[in-house]
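Enquirer: coords please:
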Amino acid sequence: MKAQGDVNQGEEAPDTTAKYPQYQLKGLLQARYLESFGENVDVLGMHHSAGDVTQSSFDIKRMRVGLNTKLSEATEVVILVNLADFKSDTKGKVLENAYGKYTFNKYIALTGGQFRPAFGIEELVPVDIIKSFDFSNQYYEFGKNGWTSFQIGASATGSFDVGKIPISYAISVLNGNGKNVEMDKDNGKQYSTRWVFGLSKEHKINLGLNGGFGKVFKEDVFAIGADITSDFKLTDKFTFDLQIEYKQGTNHNLYFSLPADQRVGEVSNYQMRGIYFLPNLRYVVNYKKLTALELSCRYETFNPSYKVNSNVRQTYTPMISLEFGKNYTGRIEMGFEIDRFDRNIPDTSTYNDELFLIQLQLRL
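Expert: Now for the predicted structure:
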């Protein structure tokens, strides 16, 4: 029997000299130049049949400031705000992360507050290190339906091994209202889970499975998804990584936004689904201040309601990125977001567009 204070060989002793609380300040700036080449389409993607639209503009996409506070070895509090939201109506904006987390061990940690619940690849990756300009269309649409993006609720996360396969999990219960709401819009809650299986350590191949169900205004809703990621080292300087993600679920946000007399059948008739492929080629330069060069092109097809009034949106996002410093401390990105719809709807954002972007990113 091991006496208190003994440590097995190879096992790290707990750090009894650490002083708490500990603070870590984080920040992110994303400033952009935008130019729309779509006919009578402005830089925000809105079509104007009368013409006279703003087709070139500078913009601040994000100006985030965050504070991570470790109250003890096991307890942390995270706050994140986006000051760029002050440029428009701030209702429901600005405050992004506001949660506390207590880690019992590697097998279980509990999180409560406002956070991004795990329900896909993008929910686990900060926007400043993704391989494209922004998250996918499906990410934002599933966010409107309470499964992704910033939500209020609680979550249990952890990891363990089954034989040689590492497995991580997340189980969440959410209001499903989105961020910064005073209370739940109804008494229904949304329950979701994510499981990730490490299939190859050498090539970092991971398989993710997602599922969720709940009630919104007493109607049953669901969401499912599957994704796979991989990272191949081609040479000492070349690496190739790939993300593929599929999601499908009830678009109850669309259903309840329609007047009752315009709805077709039950909420179950309104289902969204989408898939995207995001290949990325990285070349390590390490010449003076330039760290690496990256080339990516995400292709996504998304349908917000494939059973009723189907209108598929295809989006191509080719991008070249120059990285300065480590971990994307500095980044200059250039490329296009090209949208193609089955049907254009005049005077809406559901309209074909070609948007050119140059984005400067600085993070600390």
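Enquirer: partners of the one helix or strand Tyr33 maps to in the sheet?
Expert: Using DSSP states H and E, the element containing Tyr33 is strand 22-36. Using DSSP bridges, the strands paired with strand 22-36 are strand 56-70 (antiparallel), strand 353-363 (antiparallel).
Enquirer: pull out the buried residues from the first one.
Expert: If you call a residue buried by 16 or more other CB atoms under 10 Å, then strand 56-70 has these buried ones: Lys61, Arg62, Met63, Arg64, Gly66, Asn68, Lys70. C-beta coordinates here come from the backbone N, C-alpha and C atoms, glycine included.
Enquirer: before we move on, what about the last one?
Expert: Neighbour counts over strand 353-363 (16+ other CB under 10 Å) mark Asp353, Glu354, Leu355, Phe356, Leu357, Gln359, Gln361, Leu362, Arg363 as buried.
Enquirer: in TSV: those residues, plus pLDDT and distance to Ile205.
Expert: Below are the buried residues of strand 353-363 laid out as TSV (pLDDT from 0 to 100; distance: CB to CB, whole Å):
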residue	pLDDT	distance to Ile205
Asp353	96	35
Glu354	97	34
Leu355	98	33
Phe356	98	34
Leu357	97	31
Gln359	97	30
Gln361	95	28
Leu362	96	32
Arg363	93	28
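Enquirer: which of the residues you listed lies closest to Val41?
Expert: Nearest to Val41 among these is Asp353, at 4.6 Å by CB to CB.
Enquirer: and Lys2, what pLDDT?
Expert: Note for Lys2: predicted pLDDT of 41.
Enquirer: so for the strand holding Tyr33, mean pLDDT?
Expert: 96.
Enquirer: buried residues in that strand, which are they?
Expert: Applying 16+ other CB under 10 Å to strand 22-36 flags Lys26, Leu28, Leu29, Gln30, Ala31, Arg32, Leu34, Ser36 as buried.
Enquirer: ok, so of the residues you listed, who is nearest Arg340?
Expert: The closest of the buried residues of strand 22-36 to Arg340 turns out to be Ser36 (CB to CB; 14.7 Å).
Enquirer: list the contacts of Met319.
Expert: Met319 makes contact with Lys131, Ser132, Phe133, Glu294, Leu295, Ser296, Cys297, Glu333, Met334, Gly335, Phe336 under the criterion CB atoms under 8 Å, 6 or more residues apart in numbering.
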